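Enquirer: Coordinates for the following, if possible.
(one chain, ligands or ions: 1)
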Amino acid sequence: MSAPAIPLMRPEMGDEEIALVAETIRSGWITQGPRVRELEAAFCVHTGAAHAIAVSNCTTALHLALLVLDIKPGDEVIVPPHSYIATANAVLYCGATPVFADIDPVDLNLDPRKVAAAITPRTKAIMAVHQVGRPAALAELAALAQQHGIALIEDAACAAGSEYHGKPIGANPWSSLVCFSFHPRKIISTGDGGMITTDRADYAAKLRLLRQHGMSVNDLQRHGSKTIVNEEYTILGYNYRLTDVQAAIGLAQLRRVPAFIARRREIVARYDTAFASVPGVTLFREPAHARWNHQTYLIRLTGATTAARGAFMQKLLDDGIASRRGIMSIHREPAYTARFGTQSFPASEAASDQCVCLPLYTQMTDAEIERVITAVRQHAPR
Ligand SMILES: Cc1ncc(COP(=O)(O)O)c(C=O)c1O
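Expert: Just a heads-up that it's a prediction; the model follows:
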């Protein structure tokens, strides 16, 4: 069976990535070393954050962010059900309970009113997800967190390059811990990879310890020392390192973020114009207060059954075009029903059942864009 001619996503990598990787391999330092440090510095410049800590992926970033906040068994963390399962899994890794609060049906992110209703004396944090790179209501969520004396964490897995009220996601004016992913479905990729930004030096120091086995001295420091340094292991840590080979790719990718987003915006503008008049298709529009990075192009087949959506996706596939169902509703997955029973979050479920992700990648040709437009117009359920 051959893969669809038009994939959902294809990361753009080129000579610069290859040259930096080759140089890194030749340098002899291939895991967490100088390149990782460079990528962290570049990410601070990119986001305006005071500190950036590279880790192996966004799931481990979320885990460490929760550990830094001392989230433990008995604690509750409010998360949207409408997210990739890693968002809630990270809470379970700490032995704490993910408490779901439903989303706003228009922006598909946490509804602050639902969050307010879900706060209990056990709530220790709110985890806002910037779903498909679209900033959540950070101002409202930060105000709620402050009012209740709890923390706000951002799952910005998809949100590198997005902005909220004129500030890059990751700049930390709303929360002290923002977690990013560099998986190939994201704006930039290192294969797998992640980053945490924080404005707090104490968090940064602890995150650096946690990501490398709790080691008091890192390899770069030991390598640069003129005297013998023996490390000690001060806390229970993990191996959540990013490699220097991955960081080399990340350095080249990060430089291209503005160009990547500009190209994505061009394609999105064409899709939006073409689909505006397709009956049964609802589009998502960027609000004035945010700038989306367009990590994913999502349409909503308002009123369609899941069977009709499945038939639509199959017709696209028959035409050689990949698509994916919308964002999952975590509470419906067996791993969650087995622990927490049946829960109901209508806005999340409706969005999961009606949305479809369409192909969007920087190197899409005009012909590919036109093929997607024609197929959607032809097959969208009315
Ligand atoms: C919202 C969200 N959070 C977390 C993750 C996990 O990221 P990673 O694959 O880098 O662990 C993803 C990945 O798709 C995601 O979309």
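Enquirer: What residues does Ile103 make contact with?
Expert: Contacts for Ile103 (C-beta atoms under 8 Å, 6 or more residues apart in numbering) come out as 80-82, 109-111, 114, 131, 345, 347-348, 351. The way it works is simple: take the backbone N, C-alpha and C, and place the C-beta from them, glycine included.
Enquirer: again, 10 Å this time
Expert: Contacts for Ile103 (C-beta atoms under 10 Å, 6 or more residues apart in numbering) come out as 80-83, 109-111, 114, 129, 131, 136, 327, 329, 345-348, 350-351.
Enquirer: Inside strands: which ones of those?
Expert: With strands taken from DSSP state E, the overlap with these comprises Val129.
Enquirer: and the contacts of Ile103 near the ligand, which?
Expert: Contacts with the ligand within these, as defined by C-beta under 6 Å from any ligand atom: 83, 129.
Enquirer: Show me the contacts of Ile103 that map onto helices.
Expert: 114, 346-348, 350-351 (DSSP state H).
Enquirer: any idea which of those residues is the one closest to Arg291?
Expert: Relative to Arg291, the closest of the ones in helices among the contacts of Ile103 is Ala351; by C-beta to C-beta it sits at 21.8 Å.
Enquirer: Neighbours of that closest one, how many?
Expert: Residues near Ala351, counting by other C-beta atoms under 10 Å, number 22.
Enquirer: per-residue confidence for the closest residue to the ligand within the stretch 201-350 of the chain?
Expert: Nearest residue of the stretch 201-350 of the chain to the ligand: Ile327, at 8.0 Å (C-beta to the nearest ligand atom). pLDDT, Ile327: 98.
Enquirer: Nearest residue to it in space, please, no chain neighbours.
Expert: Closest residue to Ile327 apart from its sequence neighbours, by C-beta to C-beta, 6 or more residues apart in numbering: His82 at 5.3 Å.
Enquirer: Also Glu333?
Expert: Leaving aside its sequence neighbours, Glu333 sits nearest to Ile85 (C-beta to C-beta, 6+ apart; 6.2 Å).
Enquirer: From the ones in helices among the contacts of Ile103, keep the buried residues only.
Expert: Among those, those classed as buried by 16 or more other C-beta atoms under 10 Å are 114, 347-348, 350-351.
Enquirer: now these in CSV, with distance to Ile30 and pLDDT?
Expert: Converted to CSV, these look like this (distance: C-beta to C-beta, whole Å; pLDDT from 0 to 100):
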residue, distance to Ile30, pLDDT
Lys114, 46, 98
Ala347, 46, 98
Ser348, 41, 98
Ala350, 47, 97
Ala351, 42, 97
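Enquirer: Which single one of these is nearest to Leu62?
Expert: Taking C-beta to C-beta as the measure, Leu62 sits nearest to Ser348 out of those, at 18.9 Å.
Enquirer: so the closest one sits right up against Leu108, yeah?
Expert: Yes: with contact defined as C-beta atoms under 10 Å, Ser348 counts as touching Leu108 (8.3 Å).
Enquirer: how about Ile126, what does it touch?
Expert: Ile126 makes contacts with 77-80, 99, 101, 110, 112, 115-116, 118-119, 136, 141-142, 144-145, 148, 150-154, 175, as judged by C-beta under 10 Å, 6+ apart.
Enquirer: Can you report how many residues neighbour the residue lying closest to it once chain neighbours are set aside?
Expert: Ranked by C-beta to C-beta, 6+ apart and with sequence neighbours excluded, the top spatial neighbour of Ile126 is Ile78, at 4.7 Å. By other C-beta under 10 Å, 29 other residues sit near Ile78.
Enquirer: these two touch, right, the residue nearest to Glu333 and Val129?
Expert: No: contact between Ile85 and Val129 fails when scored by C-beta under 10 Å: they sit 11.7 Å apart.
Enquirer: Those two: who's more crowded?
Expert: Val129 (28 against 14).
Enquirer: Settle this for me: that one is touching Leu152, isn't it.
Expert: No: here Val129 lies out of contact with Leu152, judged by C-beta under 10 Å, at a distance of 11.8 Å.
Enquirer: And the ligand, is stretch 195-213 touching that?
Expert: No: residues of stretch 195-213 are not located near the ligand by C-beta under 6 Å from any ligand atom, the shortest gap being 9.9 Å.
Enquirer: Same question for stretch 47-62.
Expert: Yes: applying C-beta under 6 Å from any ligand atom, one finds stretch 47-62 in contact with the ligand at 57-59.
Enquirer: Who wins on neighbours among these?
Expert: Among the residues of stretch 47-62 next to the ligand, Cys58 has the most neighbours (other C-beta under 10 Å), with 28 neighbours.
Enquirer: quick one, what contacts that residue?
Expert: Cys58 neighbours (C-beta under 10 Å, 6+ apart): 65, 84, 86-87, 90, 155-158, 179-183, 186, 192-196.
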